[in-house]
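Asker: Just the structure for this:
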Amino acid sequence: MNQLIRCVKCDKIFLRTPFDQWPEYEPSQDPSMGSLRTLKKDDFEDFLRNHRGHRLEDLKVIEDSFVSEKDYFEPVKTSYFKATNGKESFVIRKSREKISEPMQYELIPGDLLLRCTGIQIQAEEIAKQLEREQGLPRQKIATFVKLYQRIADSMEIGNLERVAEESGNPLEVYCKMDDTSLAFLLRNCRNVFEGQQYLDIEQFIEGHKENGVLLLKAIFHLQIVEKGESRSEAASPSFPKFPRSMKGVEQ
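Answerer: All right, here's what the predicted structure looks like:
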């Protein structure tokens, strides 16, 4: 089991894992020893040696606090999460410059804030789905996409409801339109589509308003607020505070 440890004196962070004692291998210069030479290692013992006499404490990772500016599957990146000792919370940065390197952990003074910078529609996916399901003329499809984008531009992030669908990026969150925007979209569609085309569009909206291509994508910006800086000046209240739960901290 992983154990997150903080040196109280130095504010250094170490993540203890079952891999700390795994040996490393390098080419051997002695033919009698074979092609590889085994190098014993114990990262945790090295940490204890460097911080001998210092007070250490365990930290617990705070759920829903993982965030990064790169996709989840990107192995080389800088990410942030929060942890607590039960009395105060800390922001921890983990990073590495090469895939072959272990993650490095660093305590960052301040706090993490996310600010919504915009709401996007899935324009390309909407167009493809409309053509596949309804067979509408491309001009009509393009008109619907532009109309939906215009309405999305006027939506407030606080009025939108996050859905379970997950994005591949921590700073992108899927949500569905509010009832007022939905009614406005349907009303404007009556000015563009007539007869069966309107019924087809109404059916399309009803079928995809809860999930799928009509979901909106809220885009967030990550900001680290230094200690003493006003949170209200740094970023406005955002939704949600952190996009996705942190399932674990990798080495």
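
Asker: what are the ranges of the helices in this structure?
Answerer: Ranges of helices in the chain, per DSSP state H, are 43-50, 123-133, 138-153, 179-189, 195-208, 231-234.

Asker: quick one: which of these is nearest residue 65?
Answerer: The closest of those to residue 65 is helix 231-234. By Cβ to Cβ, the value is 16.1 Å. Using the backbone N, CA and C atoms, a C-beta is placed for each residue, glycine as well.

Asker: can you list the domain ranges for the chain.
Answerer: Here the domain assignment for the chain is 3-110, 116-219, based on automatic domain parsing.

Asker: so where is the stretch 151-251 of the chain shaky, pLDDT-wise?
Answerer: Across the stretch 151-251 of the chain, the ranges flagged by pLDDT under 70 are 227-251.

Asker: hang on, the earlier thing: let me know which of the helices of the chain is the nearest to residue 216.
Answerer: Go through these one by one with Cβ to Cβ and the one that ends up closest to residue 216 is helix 138-153, at 5.9 Å.

Asker: about what we covered before: which one of the domains of the chain lies nearest to residue 226?
Answerer: With Cβ to Cβ as the criterion, residue 226 lies closest to domain 3-110 of the domains of the chain, at 4.6 Å.

Asker: Let me see the mean pLDDT of that closest one.
Answerer: Regarding domain 3-110, the rounded mean pLDDT is 84.

Asker: Which one of the helices of the chain lies nearest to residue 62?
Answerer: Across the helices of the chain, closest to residue 62 is helix 231-234 (Cβ to Cβ), at 17.2 Å.

Asker: so of the domains of the chain, which one's packed in deepest?
Answerer: domain 116-219 (a mean of 16; mean count of other Cβ atoms under 10 Å).

Asker: end-to-end on that one?
Answerer: 6 Å (Cα to Cα, to the nearest Å).

Asker: Distance from that domain to the middle of the chain?
Answerer: 23 Å (Cα atoms, centre = their mean, to the nearest Å).

Asker: Quick one: residues contacting the closest residue to residue 193 other than its chain neighbours.
Answerer: Spatial nearest neighbour of residue 193, chain neighbours left out: residue 201 (5.1 Å); criterion: Cβ to Cβ, 6 or more residues apart in numbering. Listed by Cβ atoms under 8 Å, 6 or more residues apart in numbering, the contact set of residue 201 reads 134, 136, 144, 189, 193.
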